[in-house]
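**Q** The following block contains a protein sequence and its predicted model.
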Amino acid sequence: MIFKSDKKSLIVWDKEAGKQLAKFVDGEFRSTEASVIQKLQAAGYSGSSEPEDEDEVDTELEQLRERARELGVANVERKGAKRLREEIAEAEAAATGGGGGDMEPGQESGKGNGDA
């Protein structure tokens, strides 16, 4: 189910569970969990089903899993397309040496320090 919000970024809190129920990104939140859908609908959020071409989704997921395996990503069968894309990008950046974006403030990149 796809829920829309006029706010770009929105977090919906589950008071009963004392934790985040949903996080809208770019005004949208998707879920297939019945309990999450029910709670959002009870809170007044309306959602709609979006028909997807399941064969296309399955093919993409399989391609992502294959690429992730090639890069040595662990537990690919347990992960969805979004998480696989993230981990593939991280693994590819690490493989090409382009993963410098995760440094702490004040940490040097090591470029030009004569360690070659």
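**A** Perfect, thanks for sending it.

**Q** Wait, Trp13 touches Leu40, no?
**A** No - taking contacts as C-beta atoms under 8 Å, Trp13 lies outside contact range of Leu40: 11.6 Å. For the C-beta atoms, the positions are set from N, CA and C on the backbone; glycine is no exception.

**Q** and for the two, which residues touch both?
**A** Residues touching both Trp13 and Leu40 (C-beta atoms under 8 Å, 6 or more residues apart in numbering) are Leu21.

**Q** Comparing those two, which shows the higher neighbour count?
**A** Shown here are Trp13 and Leu40; by other C-beta atoms under 10 Å, Leu40 has more neighbours (20 against 12).

**Q** Tell me the backbone dihedrals of that one, please.
**A** Backbone torsions for Leu40, taken as degrees, to the nearest 10, come to phi -70, psi -40.

**Q** Over to Asp14?
**A** Here is the backbone geometry of Asp14 (degrees, to the nearest 10): phi -90, psi 100.

**Q** How much space separates it from Gly72?
**A** Using C-beta to C-beta, to the nearest Å, one obtains 36 Å as the distance from Asp14 to Gly72.

**Q** what's the answer for Ile88, then?
**A** Ile88 is 11 Å from Gly72, by C-beta to C-beta.

**Q** between these two, who's got more neighbours?
**A** Higher neighbour count among Ile88 and Gly72: Ile88, with 18 against 11, using other C-beta under 10 Å.

**Q** was I right about that one contacting Arg67?
**A** Yes - with contacts counted by C-beta under 8 Å, Ile88 reaches Arg67, the gap being 5.6 Å.
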